[in-house]
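S.K.: here is my input; please provide its structure:
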Amino acid sequence: MKFSSQEEYGLRCLIQIARTGKPGGLTIPEISRAEALSQTHVAKLLMILRKDGFILAARGQAGGYTLARPAAEISVGQVLESLGGKLYDGEFCERHRGQVDICRHAVDCSVRSVWQVIQHAVDDVVNRISLADLIESAPVSSNVTFSDRVNRPLTTS
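M.R.: Purely as a prediction, here's the structure:
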């Protein structure tokens, strides 16, 4: 199972914006330098995040990107879905049906049930972790976990 570079880099850019205390937010060149990404790539990611309501853009000399709502109200799951979609969704079987019009296993598919269980487990974890949790946490190492965040009740937005 893989997460895309778009999801990784987009989340990192959003974390940079959330961490800043700078009036007016961060500019594309500032985020680009902080994340060692091209300005073009950062601009593409920010366009997606702005379109989906995670950030606001202010033009002008003191302009930049800021969060559209508090970091505690933005779940990692929401951001990942915005940037790349779900690992498994309802159209998955349509895209992977082979050379026929309808999947041969449409009625009784043991593979589909595995993907659904995996998607539910991933959603359960990433929807419990907020952007604020990522900002507050120390750098993740092999002995640091999000178990305290994962075990708390799921909040709905």
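
S.K.: tell me which element Tyr65 is part of?
M.R.: Using DSSP states H and E, Tyr65 sits in strand 64-67.

S.K.: got the contact list for that strand?
M.R.: Outside of strand 64-67, the residues that reach it under the criterion CB atoms under 8 Å, 6 or more residues apart in numbering are 14, 17-18, 20, 22, 24-28, 30-31, 46, 50, 54-58, 74, 131. Where C-beta positions appear, they are placed from N, C-alpha and C, glycine not excepted.

S.K.: go on, stretch 33-51?
M.R.: Counting contacts by CB under 8 Å, 6+ apart, the residues outside stretch 33-51 that touch it are 6, 9-10, 12-14, 16, 26, 28-29, 31-32, 55-57, 65, 79, 82-83.

S.K.: looking at the protein, which helix or strand is least sure?
M.R.: When the helices and strands of the chain are scored by mean pLDDT, DSSP states H and E, helix 147-150 comes last with a mean of 51.

S.K.: just the buried residues out of the contacts of stretch 33-51, in PyMOL syntax.
M.R.: Selection of buried members from these for PyMOL, criterion 16 or more other CB atoms under 10 Å:
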select buried, resi 9+10+12+13+14+16+26+28+31+32+55+65+79+82+83
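
S.K.: could you pull up the residues touching the residue lying closest to Thr20 once chain neighbours are set aside?
M.R.: Spatial nearest neighbour of Thr20, excluding adjacent residues (CB to CB, 6 or more residues apart in numbering): Leu26 at 5.1 Å. For Leu26, the contacting residues are 16-17, 20, 34, 64-65, taking CB under 8 Å, 6+ apart as the criterion.
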